[in-house]
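Novice: Below are the sequence and a predicted model for it; my questions follow.
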Amino acid sequence: MKLRRVEATTRANIALVKYWGKADRGRNIPAVGSLSLTLDGMETRTLVEPADQRTYLLDGKPMQPAEAERIARLADRIGIPAGQGFRFDSVNDFPTAAGLASSASGGAAAVLALVHAAGLEWTRRQWVDETLRVSGSAPRSLLGGFARLDPVVDGVRLRRLESDGIDDLRVLVARTQAGRKAVGSREAMEASLHSPYWPAWVASHPQDLNAAEAALQAGDWAALWQVMEHSTLKMHALPWTGRPAVWYWTPVTLAVLAAVREGQTAGLAGGFTMDAGPHVKLFCRTGAVTTWRARLEAVEGVLDVLEARPGAAPELVVDGQPCSWVLPAE
Ligand code: PMV
């Protein structure tokens with residue numbers, strides 16, 4: 001197979017209604033749906049180019065064996081022959097594996113770069129299913145803006161959700177700890193299956209998704225922030241009460257959440273979410289960004305506050321030529 005040189009740029013996405021837990025480990029089908037926003041300013045750039053040997057790089061260093069193995073298995077499924085060399089070079093412009101959704105943008109970029117390098121034309125179903133196998137949150141980064149991913153009878157369904165006020169939204173990320181997280185999301189999801197709250201999580205989840213989609217359609221941000229915070233706290237209760245127990249929170253995390261509550265009580269509009277990590281993400285409208293940023297930065301222990309705006313769909317450069325790509329319609 002002759003490989004092309006492809007550079008794929010994708011953006012991280014942050015779930016407002018969280019995915020947590022798997023219904024089918026083999027195909028990585030999520031136990032619950034999710035609703036997310038793709039973000040600009042938190043990008044993965046992945047280059048695949050022909051080479052004599054295989055090299056897997058992440059942020060300029062050789063990938064950890066388990067990560068390289070995931071990409072090798074993906075290349076296998078795509079049909080790239082085992083003996084075929086290529087250089088796979090992925091760079092995040094934000095901290096990797098730190099609970100900042102790098103697995104989402106990284107997974108989407110890996111699939112986009114490898115499939116285009118192999119010159120394949122894929123259906124929507126193939127794109128979504130293969131990206132899902134790399135990471136449960138990754139298919140959402142195949143779209144710009146708001147996305148909803150639902151488990152359905154024979155797999156998952158990915159939809160873009162339109163929202164009139166989207167350009168006025170901002171996400172502030174208060175980083176509370178440096179470095180990679182100690183426990184990956186796969187492991188923490190396994191532990192969560194043993195939480196007594198697991199059945200309640202699955203049963204109450206569709207209601208949150210529908211409430212969030214209705215709030216989006218109505219442009220009712222206050223309702224959206226409310227369901228986002230509720231979904232986040234329910235999700236985090238699962239690893240806390242799992243076996244073994246896993247928690248991602250640090251004292252600084254809790255101090256940031258307290259600062260968010262204080263701001264809300266003082267009349268500032270916005271809401272928080274957290275992924276499988278100790279950082280806090282705050283959603284708000286542009287008019288409140290400066291005040292929120294000052295409040296978050298004032299919390300002792302916060303390392304920095306990143307700002308992201310709603311992000312676009314992926315971009316590709318194939319053999320040096322920028323080329324447009326959109327996820328094919330159903
Ligand atoms: O994509 P994964 O397997 O790293 O799972 C991450 C799940 C959360 O980020 C915590 C929630 C979500 O829906 O993105």
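Specialist: Thanks, I have it.
Novice: helix/strand/coil for Tyr248?
Specialist: When the structure is split into helix, strand and coil by DSSP: H, G, I helix; E, B strand; the rest coil, Tyr248 lands in coil.
Novice: now swap in Val156 and tell me
Specialist: Classification of Val156 by three-state DSSP places it in strand.
Novice: hang on, it packs against Glu130?
Specialist: No. Here Val156 lies out of contact with Glu130, judged by Cβ atoms under 8 Å, at a distance of 11.6 Å. All C-beta atoms are positioned from the backbone trio N, CA, C, and that covers glycine.
Novice: distance between stretch 136-154 and the chain's centre?
Specialist: Centroid separation between stretch 136-154 and its chain, computed with Cα atoms, centre = their mean, to the nearest Å, is 10 Å.
Novice: I meant to write stretch 163-172 there.
Specialist: Computed by Cα atoms, centre = their mean, the chain-centroid distance of stretch 163-172 equals 17 Å.
Novice: now stretch 132-143
Specialist: Using Cα atoms, centre = their mean, the distance from the centre of stretch 132-143 to the centre of the chain it belongs to is 7 Å.
Novice: can you map out the strands along the stretch 51-200 of the chain?
Specialist: Under the criterion DSSP state E, counting those that start in this stretch, strands of the stretch 51-200 of the chain are mapped to 54-58, 61-62, 86-92, 146-152, 155-161, 169-175.
Novice: Mean pLDDT added to these, as a markdown table?
Specialist: Rendered in a markdown table, the data for the strands of the stretch 51-200 of the chain read as follows (pLDDT from 0 to 100):
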| stretch | mean pLDDT |
| --- | --- |
| strand 54-58 | 97 |
| strand 61-62 | 96 |
| strand 86-92 | 97 |
| strand 146-152 | 97 |
| strand 155-161 | 97 |
| strand 169-175 | 96 |
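Novice: okay, the ones you listed, which one's buried deepest?
Specialist: Between these, the one whose residues have the most neighbours on average, counting mean count of other Cβ atoms under 10 Å, is strand 169-175 (a mean of 24).
Novice: ok, now which ones touch whichever residue of the stretch 51-200 of the chain sits closest to the ligand?
Specialist: When you check the stretch 51-200 of the chain against the ligand by Cβ to the nearest ligand atom, the closest residue turns out to be Ser137, at 3.3 Å. Contacts for Ser137 (Cβ atoms under 8 Å, 6 or more residues apart in numbering) come out as Asn13, Ala15, Tyr19, Ser34, Ser36, Ala101, Ser103, Ala104, Gly107.
Novice: So what's the residue count around the closest residue to Gln177 other than its chain neighbours?
Specialist: Counting by Cβ to Cβ, 6 or more residues apart in numbering, Pro278 is the residue found nearest to Gln177 once chain neighbours are left out, at 4.8 Å. Other residues near Pro278 come to 22 when the count uses other Cβ atoms under 10 Å.
Novice: ditto for Ala31
Specialist: Residues within reach of Ala31, counting by other Cβ under 10 Å, total 19.
Novice: Quick check: it touching Gly136?
Specialist: No. Between Ala31 and Gly136 there is no contact under Cβ under 8 Å: 9.6 Å.
Novice: So for these two, which residues contact both of them?
Specialist: Taking Cβ under 8 Å, 6+ apart as the contact definition, Ala31 and Gly136 share the neighbouring residues Lys22.
Novice: Quick check: which ranges of the stretch 1-150 of the chain have low pLDDT?
Specialist: Residues of the stretch 1-150 of the chain meeting the criterion pLDDT under 70: 95-101.
Novice: what about Met42, distance to Ile29?
Specialist: Per Cβ to Cβ, to the nearest Å, Met42 is found 26 Å from Ile29.
Novice: Those two: which is more packed in?
Specialist: Between Met42 and Ile29, counted using other Cβ under 10 Å, the more crowded position is Met42 (25 against 18).
Novice: In terms of helix, strand or coil, where does the more buried one fall?
Specialist: Under the three-state scheme (three-state DSSP), the conformation of Met42 reads as strand.
Novice: who's in contact with it?
Specialist: By Cβ under 8 Å, 6+ apart, Met42 lies in contact with Arg11, Ala12, Asn92, Asp93, Phe94, Leu100, Ala101, Ser105, Val173, Leu306, Ala308, Gly311.
Novice: that older thread, kindly reformat the strands of the stretch 51-200 of the chain as a markdown table containing distance to Ala255.
Specialist: Converted to a markdown table, those look like this (distance: least, Cβ to Cβ, whole Å):
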| stretch | distance to Ala255 |
| --- | --- |
| strand 54-58 | 31 |
| strand 61-62 | 32 |
| strand 86-92 | 26 |
| strand 146-152 | 30 |
| strand 155-161 | 33 |
| strand 169-175 | 10 |
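Novice: Mind putting the ones you listed into CSV with distance to the ligand?
Specialist: CSV is the format used below for those (distance: least, Cβ to the nearest ligand atom, whole Å):
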stretch, distance to the ligand
strand 54-58, 15
strand 61-62, 20
strand 86-92, 14
strand 146-152, 8
strand 155-161, 12
strand 169-175, 13
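Novice: which bits of the chain sit near the ligand?
Specialist: Applying Cβ under 6 Å from any ligand atom, we find that the chain lies next to the ligand at 15, 18-20, 34, 103-104, 135-137, 185, 275-276.
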